[in-house]
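>>> 3D, please:
(one chain, ligands or ions: 1)
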Amino acid sequence: MHSEPIEYEKPASLREFESIYAAKAEDAKILSGGTDLHVLIKEKLLAPRLLIDISDLPELRGISYDPVRGVTIMAGTKIAEIERSPLVKEHAPALAFAAANLGSNQVRWMATMAGNICHASPAAETPPVLLAHDCELLIARQGGERTLPISRFFLSYRKTALETGEYVKAFRLPPLPARAAVSYRFKGLRKAMEIDMLNIGAYLELGEDGTSVNEVRLAMGSVGPVTYRAVVTEQKLKGMRIGEEFFAAACDGVVQEATPIDDVRASAQYRNRVIGVLTRRALEECLHRIGERRG
Ligand SMILES: Cc1cc2nc3c(=O)[nH]c(=O)nc-3n(C[C@H](O)[C@H](O)[C@H](O)COP(=O)(O)OP(=O)(O)OC[C@H]3O[C@@H](n4cnc5c(N)ncnc54)[C@H](O)[C@@H]3O)c2cc1C
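Got it, this is the predicted structure:
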């Protein structure tokens, strides 16, 4: 780690950003809101030679919706804009809720969802909801783009699938089927400005009869080195009928698949007890939302 002064560049266009990043990615860090990055630099956990500030690039801002592709959120969109967006509230209310619970108002007006996922903390607010939505990431570099399901983005603690020179350009949340909903639940040590000790995003899709389970996704945070889906449990729940047996199987399943540790926020034992409770509440909320959507 070097102790040289850090250079700073603020490109005026996406094209200029891509060209600088392509040339200097090895030594550079992308600066979006800076709410994680500045902390790491100040604590001397990171010492990049160059910061490339993309916080004001108009090409990376905005939220749109179309019925085929769903909701698209550009990477530089502020968490506060996601929290307030009528499109997000209508088509992805659990994401609006998660955004509203990230940090403080001041933090939310600086922070971005791209920064939230690229920092890759297992306790982060938005990854469980994005995993529950089966979000697709648009990843770009100078001269090319690729898409990646978010389920393949988090590789290990603070490590993502981004390759050198790549950046996150946009998030796509596919449209929800008629009998489906997503919910988000979290537990922290206090009501605001806390890092979650546990969180979960749930997706529930019912069959035409309204009681059989077509598909479930359960994405857990703070119970392992990354936020991840309880895929074994998800498979077991497919085809079951909504009822006590279903909820019990979901709660037991996530406890089996969770691998929490003891840390400053909670013991592993406590997390194992509470993750099942959060799972039940999240699935109940999905059911409630499905009921509301069907009127
Ligand atoms: C007081 C305080 C409270 C907080 N509370 C919470 C909380 O409750 N929940 C929570 O989840 N987080 C919380 N955070 C952490 C932080 O605010 C979030 O993780 C935030 O979303 C980070 O976004 P950012 O735009 O500020 O990222 P930055 O700090 O700018 O960047 C973070 C990382 O992502 C990389 N990056 C940024 N954008 C891109 C991109 N487009 N492509 C590739 N890489 C990129 C950066 O290079 C860096 O490595 C808190 C932080 C503070 C200071």
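>>> show me how the chain divides into domains.
Domain assignment for the chain by automatic domain parsing gives 7-53, 61-173, 180-294.
>>> worst mean pLDDT among those?
For the domains of the chain, the weakest mean pLDDT is recorded on domain 180-294, namely a mean of 93.
>>> and the residue of the stretch 51-200 of the chain nearest the ligand?
Gly115 (2.0 Å; Cβ to the nearest ligand atom). Any C-beta I mention is one placed from the backbone N, CA and C, and that applies to glycine too.
>>> how about Lys236, secondary structure?
Reduced to three states with DSSP: H, G, I helix; E, B strand; the rest coil, the structure at Lys236 is helix.
>>> looking at this protein, which residue reaches furthest from the middle?
Largest separation from the mean C-alpha position in the chain: Glu4, at 33.6 Å (Cα atoms, centre = their mean).
>>> distance check, the closest residue to that residue other than its chain neighbours against the ligand.
Once flanking residues are discounted, Glu4 sits nearest to Arg49: 6.6 Å by Cβ to Cβ, 6 or more residues apart in numbering. Computed with Cβ to the nearest ligand atom, to the nearest Å, the distance linking Arg49 and the ligand is 13 Å.
>>> residue contacts, Arg49?
For Arg49, the contact set (Cβ atoms under 8 Å, 6 or more residues apart in numbering) comprises His2, Glu4, Ile6, Glu7, Asp27, Ala28.
>>> likewise Leu162?
Here Leu162 is in contact with Cys118, Ile139, Val168 (Cβ under 8 Å, 6+ apart).
>>> same thing but 10 Å
The contact partners of Leu162, taken as Cβ atoms under 10 Å, 6 or more residues apart in numbering, are Ala25, Ile30, Ile117, Cys118, Ala120, Leu137, Ile139, Arg141, Leu148, Phe153, Leu155, Val168.
>>> buried residues in stretch 64-81?
For stretch 64-81, the neighbour count (16 or more other Cβ atoms under 10 Å) marks 65, 70-81 as buried.
>>> one step back: what about the residue farthest from the centre of the chain, which SS state?
Applying three-state DSSP: Glu4 is coil.
>>> pLDDT score assigned to it?
Glu4 is given a pLDDT of 76.
>>> mind checking how far it is from the ligand?
For Glu4 relative to the ligand (Cβ to the nearest ligand atom), the value is 18 Å.
>>> right, and the helix or strand after the helix or strand Thr147 falls within?
Take DSSP states H and E as the rule and Thr147 turns out to sit in strand 144-149. Toward the C-terminus, strand 144-149 is succeeded by strand 154-156 as the next helix or strand (DSSP H and E).
>>> residues in contact with the residue nearest to the spatial centre of the chain?
Centroid check for the chain by Cα atoms, centre = their mean gives Pro127 as the closest residue, at 1.9 Å. Contact analysis of Pro127 by Cβ under 10 Å, 6+ apart lists 98, 113, 116-117, 120-121, 135, 150, 153-154, 199, 201, 219-221, 226-228.
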